[in-house]
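no sequence on hand, only this structure:
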């Protein structure tokens, strides 16, 4: 977008903008938000949005925030429009490059992406790019509505496996091109990771459900409780007459810890814990329709965003003490700092250089204690982080009623195992052409965490959009 403004005026304007303090984002009071799973963030009002967007100094192209965004949203143009109160036009800017800006505006680690690259971050607080993205797209939905423009029917039918960010985004782009789409989901409800792993206080269910309904109105069909690889195979889908298949199954198998006592009652995998605590019962299998009794002390093992979600969930479930055990230091911790800051604000504690080595049962057979060992940092490993090394003789005991393992995720190898012509590697990750998402099996494309391993919602979304363009060309 070209902004008609003289160079001299823009330079003066930049200096004034650079001195304007950030409006920040308001959250509900801690004592209030810990009592429920409702949205933590207080909605931005139009005046605040305009003032915050006016802080954008309109960097020359290519703006750092655009380069840092995995889908290259035209953020400066959006900021310019928000500043003028043109919220609907700003929302349209985001929807040109993003299939779910109302979601990415909430869950992307902006401090590591667009916001972290903001020129204002060097001398003043960065522009709050994520909350503004969420604001204008929600304003659009409440004042105008959101409709996906469906293309002229092509007669082609595509099966999408998985209804997470990659699958939903691929489906959206395919219906825009006029193709018919059916999404197969293994769980009782759509959304994948967005529904089952991200808590409502971080991403309200209504935001995800609204986007699902947009797709349904556009003609996308959803088939639930159907795991491809068990109920049907990829070959079955092709035999059923689908002209192409997109696999966006994610990487949702919780990594095990492989220490004694890991199977004790009271020890949970992260996804199981988050689902049982947060998801509506009608969207859970019958055997999971009971909230955990977490007791008074919860320990969470791990250091990424999922660990932060588990810490904050444990606090909302009524635990008096919630502690994160991490084998390295804060400097090596993965994930975004924003969620950690919220967890600490809400009462979570962090214990670094600590590695659990055994879970111990009490008299009732449930978890009662966690045996840990102190760690020290050695030389960097393959990831570039310093390797944690156990300190001999430093074992100690931590009391715990509940332990949650947030150690990362692996892909489910079942699709590779049941699709003979599909090339996989590294525990079942699907091998694809990086530019198109095409797999080794003709007519089958893939993208998201099932290809890359655990990554961001926005990168999975970008992979789904890219694959949709390649599928459209393949079908053409």
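Okay, I see it. Note that the structure is a prediction, hence the values are computed from the model and not measured.

right, and residue 196 touches residue 273 too?
No: between residue 196 and residue 273 there is no contact under CB atoms under 8 Å: 11.4 Å. C-betas here are computed from N, CA, C, even on glycine.

neighbour-wise, which of these two wins?
More neighbours sit around residue 273 than around the other of residue 196 and residue 273, counting by other CB atoms under 10 Å; the figures are 27 against 19.

the more buried one falls within a helix, correct?
Yes: counting by DSSP: H, G, I helix; E, B strand; the rest coil, residue 273 falls inside a helix.

tell me which residues touch the residue lying closest to it once chain neighbours are set aside, please.
Beyond its immediate neighbours in the sequence, the residue positioned closest to residue 273 (CB to CB, 6 or more residues apart in numbering) is residue 404, lying 4.8 Å away. Counting by CB atoms under 8 Å, 6 or more residues apart in numbering, residue 404 makes contact with 267-270, 273, 298-301, 310, 314.

quick one: residue 404 and residue 37, what's the gap?
Here residue 404 is placed at a distance of 16 Å from residue 37 (CB to CB, to the nearest Å).

so residue 450 touches residue 249, yeah?
Yes: taking CB under 8 Å as the contact criterion, residue 450 and residue 249 are neighbours in contact, 4.5 Å apart.

any common contacting residues for the two?
Counting by CB under 8 Å, 6+ apart, the contacts common to residue 450 and residue 249 are 162, 411-412, 415.

quick one: contacts of stretch 127-141?
Residues contacting stretch 127-141 (CB under 8 Å, 6+ apart): 22-25, 41, 43-44, 46, 49, 52-53, 55-56, 65, 73, 75, 78-79, 82, 87-88, 90-92, 94-95, 101-102, 104-106, 108, 110, 114-115, 118, 120, 146, 207, 210.

got a quick ChimeraX command for the buried subset of these?
To isolate in ChimeraX the members of those that are buried, counting by 16 or more other CB atoms under 10 Å, one can use:
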select :23,25,41,44,49,52,53,55,56,65,73,75,78,79,82,87,90,91,92,94,95,101,102,104,105,106,108,110,114,115,118,120,146,207,210
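
in helices, which of the contacts of stretch 127-141 fall?
With helices defined by DSSP state H, the entries of those inside them are 46, 49, 52-53, 65, 75, 78-79, 82, 87-88, 90-92, 94-95, 101-102, 104-106, 207, 210.

give the buried residues for stretch 57-70.
Of the residues in stretch 57-70, 57-59, 63-66, 68-70 count as buried by neighbour count, 16+ other CB under 10 Å.

would you turn those into JSON lines with pLDDT and distance to residue 398?
Formatted as JSON lines, those follow (pLDDT from 0 to 100; distance: CB to CB, whole Å):
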{"residue": "57", "pLDDT": "91", "distance to residue 398": "48"}
{"residue": "58", "pLDDT": "92", "distance to residue 398": "52"}
{"residue": "59", "pLDDT": "92", "distance to residue 398": "48"}
{"residue": "63", "pLDDT": "95", "distance to residue 398": "47"}
{"residue": "64", "pLDDT": "95", "distance to residue 398": "43"}
{"residue": "65", "pLDDT": "96", "distance to residue 398": "42"}
{"residue": "66", "pLDDT": "97", "distance to residue 398": "46"}
{"residue": "68", "pLDDT": "96", "distance to residue 398": "39"}
{"residue": "69", "pLDDT": "96", "distance to residue 398": "41"}
{"residue": "70", "pLDDT": "95", "distance to residue 398": "39"}
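
can you lay out those as TSV showing distance to residue 461?
Conversion of the buried residues of stretch 57-70 to TSV gives the following (distance: CB to CB, whole Å):
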residue	distance to residue 461
57	28
58	26
59	24
63	21
64	21
65	18
66	16
68	16
69	11
70	8
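
the helix or strand containing residue 309 packs against which elements?
Here residue 309 is covered by helix 305-316, with elements defined by DSSP states H and E. Other elements packing on helix 305-316 under the criterion 3 or more CB pairs under 8 Å, 6 or more residues apart in numbering; DSSP states H and E are helix 270-278, strand 297-301, strand 321-325, helix 337-346, strand 402-405.

pull the distance from it to the chain's centre.
14 Å (CA atoms, centre = their mean, to the nearest Å).

contacting residues around it?
Identification of contacts with helix 305-316 by CB under 8 Å, 6+ apart yields 34-37, 109, 197-199, 201-202, 270, 273-274, 277-278, 294, 298, 300-302, 322, 324, 326, 334-336, 339-340, 342-343, 346-348, 402, 404, 406.

now do 6 Å
Taking contacts as CB atoms under 6 Å, 6 or more residues apart in numbering, the residues outside helix 305-316 that touch it are 34, 37, 199, 270, 277, 294, 298, 300, 322, 324, 335, 339-340, 343, 346-348, 404, 406.

pLDDT on that helix, on average?
When pLDDT is averaged over helix 305-316, the result is 97.

and of the contacts of residue 404, the nearest to residue 366?
When the contacts of residue 404 are compared for distance to residue 366 (CB to CB), residue 267 wins out at 9.1 Å.

so how many other residues sit close to the nearest residue to that closest one once chain neighbours are set aside?
Setting aside the residues directly before and after it, residue 267 is nearest to residue 403 in space (CB to CB, 6+ apart), at 4.8 Å. Here the number of neighbours of residue 403 (other CB under 10 Å) works out to 25.

who's in contact with residue 403?
In this structure, residue 403 makes contact with 267, 299, 367, judged by CB under 6 Å, 6+ apart.

now with 10 Å, please.
Residues counted as contacts of residue 403 (CB atoms under 10 Å, 6 or more residues apart in numbering) are 257, 261-262, 264, 266-268, 273, 297-301, 325, 356, 359, 367, 369-370.

and it, how far is that from residue 388?
Distance, residue 403 to residue 388, using CB to CB: 19 Å.

same check, this time on residue 104
When CB to CB is applied, the distance between residue 104 and residue 388 equals 33 Å.

cool, residue 433 as well?
The spacing between residue 433 and residue 388, counted by CB to CB, is 37 Å.

the two: which has the busier surroundings?
residue 388 (21 against 13).

does the more buried one touch residue 355 like I think?
Yes: applying CB atoms under 10 Å, one finds residue 388 in contact with residue 355, separated by 6.7 Å.

what are the buried residues along stretch 139-159?
139-141, 146, 148, 156-159.

quick one: the helices and strands packed on helix 305-316 as TSV, columns for mean pLDDT too.
Formatted as TSV, the entries for these read as follows, by pLDDT from 0 to 100:
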stretch	mean pLDDT
helix 270-278	97
strand 297-301	98
strand 321-325	98
helix 337-346	95
strand 402-405	98
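
nearest to residue 445, of these?
Across the helices and strands packed on helix 305-316, the minimum distance to residue 445, taken as CB to CB, is reached by helix 270-278, at 25.7 Å.

now for that closest one, which elements pack on it?
With contacts defined as 3 or more CB pairs under 10 Å, 6 or more residues apart in numbering; DSSP states H and E, helix 270-278 has these neighbours: helix 193-196, strand 253-254, strand 267-269, strand 297-301, helix 305-316, strand 402-405.

can you list those in CSV and add distance to residue 287?
Converted to CSV, these look like this (distance: least, CB to CB, whole Å):
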stretch, distance to residue 287
helix 193-196, 15
strand 253-254, 17
strand 267-269, 14
strand 297-301, 22
helix 305-316, 20
strand 402-405, 19
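
how about the nearest residue to residue 457, chain neighbours excluded?
Leaving out its chain neighbours, the residue that sits closest to residue 457 by CB to CB, 6+ apart is residue 165, at 4.8 Å.
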